[in-house]
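Student: Turn this into a model:
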Amino acid sequence: MFKDVIGQEEIKHWLVHSLQDGRVSHAQLFAGKTGYGSLALALAFAQYVFCTGNKGEDACGVCPACRKMQKFIHPDLHFVFPVVRKAKSPVSDEYINEWRNLLLQGTYFNLEEWYAAMGVEDNAQAAIYTEESANILRKLNFKAFESDYKIMIVWLPEKMNPECSNKLLKIIEEPFDKTLFLMVSEHPEQLLATIQSRLQRITVPPLPQEEIRRQLVEQKGVAEALAVDYAHVAAGDWHRALRLLDESEEQIYNQEKFISLMRLCWARQMLPVNAWVGEMADLGRERQKSFLAHAVRMIRENFIRNFHADALNYMTEREKEFSLRFAPYVNEGNVIPLSEEFERAYNDINRNGNSKIILTDLCIKVMQNIRPH
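Tutor: Next up is the predicted model:
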């Protein structure tokens, strides 16, 4: 329901009145991080559309349709999301139970948590495969079971391979009657331009810091001072705020590996660097990408730290502790090349490059930039 979506009141109001006024676009794009509430908004809107009770500015929450939506089992609601190939025809239905279980835990999560919910191997790469388009077409050919509408929610459509994208384009161009496509994308720029042009875009902005602070205090019982700090570090992302409450082993590991890399590269210790590369190369690609994304953020945060602009810094206490001494070494002369090298390594890993070669090259470039001759 909309009441369960944190903030985003303007978007909620617009969605409600678009249905009330009969101006609902058949294909909509919720563009923004899942932590901002993009998926939560799409699900709440679907429930509002299906609701058969006395609904005003929100679904009633008690009618049969609402009760089914609360378990994500409404027969006219369909999901498409990235999956790993474990069969000849990999489609979302193979993981629908895992998907519903994750949604029941909360609608603010990221791709890493979806990988964990699927229980896939570290090196697996999730995608929306060509076979999914035929599955979509089959489902939309059915008549609606209980509602006037059929709704297809596509999470992370940027993960669609080109063949699936092209086939889906035809479905969007020639929509089925009373069918809604709700796409939830964190990187809409990666969608085909032809698909983007046919979607009504709803940009979901970061949540206000005050809203996150209030939710941390009221929902999670966090002390006021700590809630203010966490709300600032979360930078508008409720999912990140939740992770700050219970700092994960992965977050701690990423920071420790970043610290060791910076120290080894400063000392130009190649043999220990090789050992560091070996350990990182043994991790799965998603863990490697998680570390590299963390490193890009740390380069940015440590550079900003030099300007003593606390309002612009988003670091945890653990990260601030190392930053006290490290920040001066990230300066105007090396912040751009350092950021570019970590981003390049991320993109190369994402393209299934050889991780040992990529990470070794990265370490050499960091050595050259962190302490230039």
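Student: Make sure residue 232 is actually in contact with residue 216.
Tutor: No. Using Cβ atoms under 8 Å, residue 232 is not in contact with residue 216, being 11.2 Å away. C-betas here are computed from N, CA, C, even on glycine.
Student: roughly how far is stretch 221-234 from the heart of the chain?
Tutor: Centroid separation for stretch 221-234 versus its chain: 22 Å, with Cα atoms, centre = their mean, to the nearest Å.
Student: Okay, buried residues for that stretch please.
Tutor: Across stretch 221-234, burial judged by 16 or more other Cβ atoms under 10 Å covers 222, 227, 228, 229, 230, 231, 232, 233, 234.
Student: do the same with stretch 199-209
Tutor: For stretch 199-209, the neighbour count (16+ other Cβ under 10 Å) marks 199, 202, 204, 206, 207, 209 as buried.
Student: which stretches of the stretch 151-300 of the chain form strands?
Tutor: With DSSP state E, counting those that start in this stretch, the ranges of strands along the stretch 151-300 of the chain come out as 179-185, 200-203.
Student: for the stretch 1-150 of the chain, same thing?
Tutor: Under DSSP E, counting those that start in this stretch, the stretch 1-150 of the chain gives strands at 27-31, 77-80, 150-155.
Student: which helices and strands does the second one pack with?
Tutor: It refers to strand 77-80. Where contact means 3 or more Cβ pairs under 8 Å, 6 or more residues apart in numbering; DSSP states H and E, strand 77-80 is packed against helix 131-141, strand 150-155.
Student: any idea which of those is most buried?
Tutor: strand 150-155 (a mean of 23; mean count of other Cβ atoms under 10 Å).
Student: Tell me the strands beside it, with direction?
Tutor: Strand 150-155 has its sheet partners listed here by DSSP bridges as strand 77-80 (parallel), strand 179-185 (parallel).
Student: To residue 164, which of these lies closest?
Tutor: strand 77-80 (9.3 Å; Cβ to Cβ).
Student: hmm, back to that, now the strands of the stretch 151-300 of the chain in TSV, with mean pLDDT and distance to residue 250?
Tutor: As requested, the strands of the stretch 151-300 of the chain are exported to TSV (pLDDT from 0 to 100; distance: least, Cβ to Cβ, whole Å):
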stretch	mean pLDDT	distance to residue 250
strand 179-185	92	24
strand 200-203	93	29
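Student: rewinding a little: CSV for the strands paired with strand 150-155, including distance to residue 106 and mean neighbour count?
Tutor: CSV is the format used below for these (distance: least, Cβ to Cβ, whole Å; neighbours: other Cβ atoms under 10 Å):
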stretch, distance to residue 106, mean neighbour count
strand 77-80, 16, 22
strand 179-185, 15, 25
